[in-house]
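Novice: How does the following fold in three dimensions:
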Amino acid sequence: MIAHLALQNMNMFDQIDGVEKLPDDFKLVVYTSYRSLDDTVCLELCEGLRDMNKKLGINNFELVVRLSNRGDARWDKSFILQEIAKYKPDQIKKMWVCGPPVMNENFDKTLSNLVKEKVLNQSQFEVF
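Specialist: Predicted coordinates for the structure are as follows:
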């Protein structure tokens with residue numbers, strides 16, 4: 001998805017057959033958490049897309065990075081609720097959560113409670 005956005009934002013789809021452009025109102029928000037910069041995977045690609053978008057004035061990608069070795073707070077219930085509150089429920093098409101067991105459990109409990117409160121639908125997220 002990140003490479004797809006990069007190609008789209010550089011107007012390169014006319015050079016590639018069979019690739020569908022994302023809707024104008026599409027936005028991908030990536031939350032990524034690592035112990036340290038040494039443990040990152042694809043962070044440079046994400047940062048590159050973020051930086052390119054900033055230069056081009058495009059707002060279809062946001063990157064939130066957490067590094068535990070620099071003392072960043074855990075992504076707990078209050079963080080999750082704060083982040084979700086930034087969007088109207090119908091703006092959230094899909095959330096995929098994949099991380100260590102404690103993080104997954106926090107997301108699963110918090111998002112499941114939002115389903116019970118009828119803020120989100122179960123189909124809007126998956127926790128792996």
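Novice: which SSE is the closest residue to residue 81 other than its chain neighbours in?
Specialist: Of all residues beyond its chain neighbours, the one nearest residue 81 is residue 110 (6.7 Å), with distances taken as CB to CB, 6 or more residues apart in numbering. (Each C-beta comes from the backbone N, C-alpha and C, glycine too.) Taking DSSP states H and E as the criterion, residue 110 maps to helix 101-116.
Novice: which helices and strands does that helix pack with?
Specialist: Applying 3 or more CB pairs under 8 Å, 6 or more residues apart in numbering; DSSP states H and E, one finds that helix 101-116 makes contact with helix 77-84, strand 95-97, strand 125-127.
Novice: roughly how far apart are residue 109 and residue 103?
Specialist: Plainly put, residue 109 is 11 Å away from residue 103 if you go by CB to CB, to the nearest Å.
Novice: Tell me which of those two has more neighbours.
Specialist: Shown here are residue 109 and residue 103; by other CB atoms under 10 Å, residue 103 has more neighbours (19 against 13).
Novice: so the more buried one sits right up against residue 33, yeah?
Specialist: Yes: between residue 103 and residue 33 there is a contact at 6.8 Å, judged by CB atoms under 8 Å.
Novice: Overlap in contacts, the two.
Specialist: Common neighbours of residue 103 and residue 33, counting by CB atoms under 8 Å, 6 or more residues apart in numbering, are residue 75.
Novice: follow-up on the earlier one: could the helices and strands packed on helix 101-116 go into CSV alongside distance to residue 20 and mean pLDDT?
Specialist: Formatted as CSV, these follow (distance: least, CB to CB, whole Å; pLDDT from 0 to 100):
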stretch, distance to residue 20, mean pLDDT
helix 77-84, 28, 97
strand 95-97, 20, 94
strand 125-127, 22, 95
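Novice: Need the ones you listed in JSON lines (columns: mean neighbour count and distance to residue 23).
Specialist: JSON lines is the format used below for the helices and strands packed on helix 101-116 (neighbours: other CB atoms under 10 Å; distance: least, CB to CB, whole Å):
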{"stretch": "helix 77-84", "mean neighbour count": "14", "distance to residue 23": "21"}
{"stretch": "strand 95-97", "mean neighbour count": "14", "distance to residue 23": "18"}
{"stretch": "strand 125-127", "mean neighbour count": "16", "distance to residue 23": "20"}
